[in-house]
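Engineer: Structure, please.
(one chain, ligands or ions: 2)
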Amino acid sequence: MNKVAAALHAANGRRFDNVEAARSYATTLPFAISGTFGGHSSCVELEITPPSAASHEYFLCDLGSGVRPFGSQVIARHGVHAPNTFHVFISHMHWDHIMGFPLFAPSYLPGNELRIYGCHRDLEAAFRRQHGSPSFPVEFDQLGASIKFFTLTPDTTHHIAGVNVTPILQLHAGDSYGYRFEYNDKIVVYSTDSEHKLNAPAATERFVDFLRDADLVIFDAMYSLADAVSVKEDWGHSSNVVGVELCQLAGAKHLVLFHHEPIFDDARIAAVEAESRRFETITRRVYRALEITAAYDGLEMEL
Ligand SMILES: [Zn+2]
Ligand SMILES: [Zn+2]
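Structural biologist: Ligands and ions are numbered 1, 2, ... in the order given. As a prediction, the model looks like this:
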């Protein structure tokens, strides 16, 4: 309702002769009015090879609810009979990071292979637990795809399907892991559900090294800095301001604010994005300029 009211107000008496004219006006409005950041939980695809209808190999970070539309897209592209391989990197097993898996259609189809990587020893148990009674009508063992689990060692670079992948331990209830992906000369870091203490120089240095020279950093910016250092300290999440500072110290090029606070509406997330950009501009002294984007469902970026 607020968005419709804002759009009508911004139209300021303008007249549209058809829906197409109204639609093209709508594209000129701020994203928080014309679109939505969405509400899916964590799931990110890294398209390593150039997009091609022939590619059957996929890389994913986490299996939050966003994996459901991704699964539908894979089936739309290849049909139900094509064998696909999915390399999946799991930050941790909190429910918002694995909840999409029971609704990931390719896992039901024989011929598909899922290779699920993580640093937690009980990774497979967590996946089995959410399938089957009383949480879900289908048992894990009834899934048609071949599903294998692999335990990775933190601070070690693993060579997986042509990509160098390095996990790092992050501060979060039950531990979580960030991943640094290196392929050709491109570096992407996926780091969510990770708290950073402002008064812990050794931990900061370790993390700055982890983000060093990244082309893209997908970063847990759930809280405002004020919340992160007061009421929500020790809640296991970080802020937009900490994200900007770490990226600046690391010389990263692009920061994506990720894992938005669920109670924030679109206007509030857009405000966090604007504040982050302002903060980056006024603190840009010796650092390279940092691009900042608030993630939304379906956002695509090319490196
Ligand atoms: Zn978590
Ligand atoms: Zn989470």
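Engineer: Show me what the helix or strand harbouring residue 3 is packed against.
Structural biologist: Assigning secondary structure by DSSP states H and E places residue 3 in helix 2-11. Helix 2-11 sits against helix 31-34, with contacts defined as 3 or more Cβ pairs under 8 Å, 6 or more residues apart in numbering; DSSP states H and E. Quick note: C-beta positions are derived from backbone N, CA and C, even for glycine.
Engineer: hmm, back to that, and the contacts of the helix holding residue 3?
Structural biologist: Here helix 2-11 makes contact (Cβ atoms under 8 Å, 6 or more residues apart in numbering) with 25-26, 29, 32-34, 266-267.
Engineer: now it, how far from the centre of its chain.
Structural biologist: 30 Å (Cα atoms, centre = their mean, to the nearest Å).
Engineer: Buried residues in the very next helix or strand once past that helix, which are they?
Structural biologist: Per DSSP H and E, helix 2-11 leads on to helix 19-26 as the next helix or strand towards the C-terminus. Neighbour-count burial for helix 19-26 flags residue 26 (criterion: 16 or more other Cβ atoms under 10 Å).
Engineer: what does this structure put close to ligand 1?
Structural biologist: 94, 193 (Cβ under 5 Å from the ion).
Engineer: just for the chain, where's the confidence low?
Structural biologist: The chain contains residues with pLDDT under 70 at 50-55, 226, 229-231.
Engineer: Mind jotting down where the helices sit in it?
Structural biologist: Secondary structure of the chain (DSSP state H): helices at 2-11, 19-26, 31-34, 67-78, 123-130, 201-211, 225-228, 240-250, 266-282.
Engineer: quick one, the second one and helix 2-11 angle?
Structural biologist: Same thing as helix 19-26. Interaxial angle of helix 19-26 relative to helix 2-11 (axes from the mean of the first three to the mean of the last three Cα atoms, to 10 degrees): 90 degrees.
Engineer: for the last one, same thing?
Structural biologist: Angle of helix 266-282 versus helix 2-11, following the same axes, to 10 degrees, is 70 degrees.
Engineer: and helix 266-282, what other elements does it pack with?
Structural biologist: Using 3+ Cβ pairs under 8 Å, 6+ apart, helix 266-282 is in contact with helix 31-34, helix 240-250, strand 254-258, strand 291-294.
Engineer: hmm, who's touching the first one?
Structural biologist: With contact meaning Cβ under 8 Å, 6+ apart, helix 31-34 is reached by 3, 6-7, 10, 26-27, 266-267, 269-270, 296.
Engineer: Tell me the buried residues within these.
Structural biologist: 3, 6-7, 26, 266, 269-270, 296.
Engineer: And those, which is closest to residue 127?
Structural biologist: residue 296 (27.3 Å; Cβ to Cβ).
Engineer: ok, now which ones touch the residue of the stretch 201-303 of the chain found nearest ligand 2?
Structural biologist: Distances between the stretch 201-303 of the chain and ligand 2 by Cβ to the ion are smallest at residue 259, namely 5.7 Å. For residue 259, the contacting residues are 42, 192-193, 220-222, 237, by Cβ under 8 Å, 6+ apart.
Engineer: Turn those residues into JSON lines, columns for neighbour count.
Structural biologist: Shown next, in JSON lines, are the contacts of residue 259 (neighbours: other Cβ atoms under 10 Å):
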{"residue": "42", "neighbour count": "27"}
{"residue": "192", "neighbour count": "28"}
{"residue": "193", "neighbour count": "27"}
{"residue": "220", "neighbour count": "29"}
{"residue": "221", "neighbour count": "31"}
{"residue": "222", "neighbour count": "26"}
{"residue": "237", "neighbour count": "22"}
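Engineer: With respect to residue 142, which of those is nearest?
Structural biologist: residue 42 (25.7 Å).
Engineer: what about residue 81, distance to residue 71?
Structural biologist: Look at residue 81 and residue 71: by Cβ to Cβ, to the nearest Å, they are 15 Å apart.
Engineer: who has more neighbours, the two?
Structural biologist: residue 71 (24 against 9; other Cβ atoms under 10 Å).
Engineer: Flag every residue of the stretch 101-250 of the chain that's near ligand 2.
Structural biologist: residue 193.
Engineer: Looking from ligand 1, tell me which residue of the stretch 101-250 of the chain is nearest.
Structural biologist: residue 193 (3.8 Å).
Engineer: Report the contact partners of the residue of the stretch 1-150 of the chain found nearest ligand 1.
Structural biologist: Using Cβ to the ion, the closest approach of the stretch 1-150 of the chain to ligand 1 is made by residue 94 at 3.4 Å. Going by Cβ under 8 Å, 6+ apart, residue 94 touches 173-174, 176, 193.
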